[in-house]
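Q: The following block contains a protein sequence and its predicted model.
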Amino acid sequence: MACRISELVLDARDPERLAAFWREVLGYVELGREDGSIEIGPPDTGFGGPQPTLVFNPVGEPKAGKLPLHIDVNPTDRDQDGELARLLAAGAVPADVGQTGEENWHVLADPEGNEFCLLRKRLPTV
């Protein structure tokens, strides 16, 4: 037997804002709330489906510095340039982590500064 990633849990100063941002990015819906935490996930399948859900836990001050984990996303219904424009309009900002400009991905940050990458390859929706 093996395990499967079912949830990714992120500390957040403003769970509402981050949940709204990531719902827009991923096309997720709100699945539930408990003790100030907000869980979002794929519509129709929710928790336990093929994609992990995201849980935003309220904390006064999330851990500072580079996290050992970041999220990579791929476009599903447009090319990378079109998806970059959509993510920037949703509130992402470019992030500088020492890129050379030759990479085939974009490094962005969500509204609380958490870095994530927009990769080039278009993937089918799940």
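A: That came through fine.

Q: Spatially central, which residue of this protein would that be?
A: The centroid of the chain falls nearest to W22 when counting by Cα atoms, centre = their mean (5.1 Å).

Q: And that one, how far from C3?
A: Note on W22: its distance to C3, by Cβ to Cβ, to the nearest Å, is 23 Å. Using the backbone N, CA and C atoms, a C-beta is placed for each residue, glycine as well.

Q: A helix includes the residue nearest to the centre of the chain, no?
A: Yes - per DSSP: H, G, I helix; E, B strand; the rest coil, W22 lies within a helix segment.

Q: low pLDDT regions in the protein?
A: Applying pLDDT under 70 to the chain flags residues 1, 64-66.

Q: Just the strands from it, written as ranges.
A: Remark: strands assigned in the chain by DSSP state E are 7-12, 29-34, 37-41, 53-58, 71-73, 93-94, 106-109, 115-118.

Q: Other residues contacting the fourth one?
A: This points to strand 53-58. 6-13, 15, 18-19, 22, 26, 28, 31, 36-42, 46-47 (Cβ atoms under 8 Å, 6 or more residues apart in numbering).

Q: And the shortest one, by the same measure?
A: Here strand 93-94 makes contact (Cβ under 8 Å, 6+ apart) with L88, H106, V107, L108, A109.

Q: swap in the third one?
A: For strand 37-41, contacts defined as Cβ under 8 Å, 6+ apart pick out 7, 15-16, 19, 22-23, 26, 28-33, 47, 49, 51-58.

Q: at 6 Å instead, please
A: With Cβ atoms under 6 Å, 6 or more residues apart in numbering as the test, strand 37-41 has contacts from 15, 19, 23, 28, 30-32, 47, 53-57.

Q: and if you look at the last one?
A: By Cβ under 6 Å, 6+ apart, the surrounding residues in contact with strand 115-118 are H70, I71, D72, V73, L84, A95, W105, H106, V107, L108, A109.

Q: starting at the chain centroid, how far to that strand?
A: Its chain's average C-alpha position is 8 Å from that of strand 115-118, according to Cα atoms, centre = their mean, to the nearest Å.

Q: Give the full set of residues in contact with V97.
A: Contact partners of V97, counting by Cβ under 6 Å, 6+ apart, are V107.
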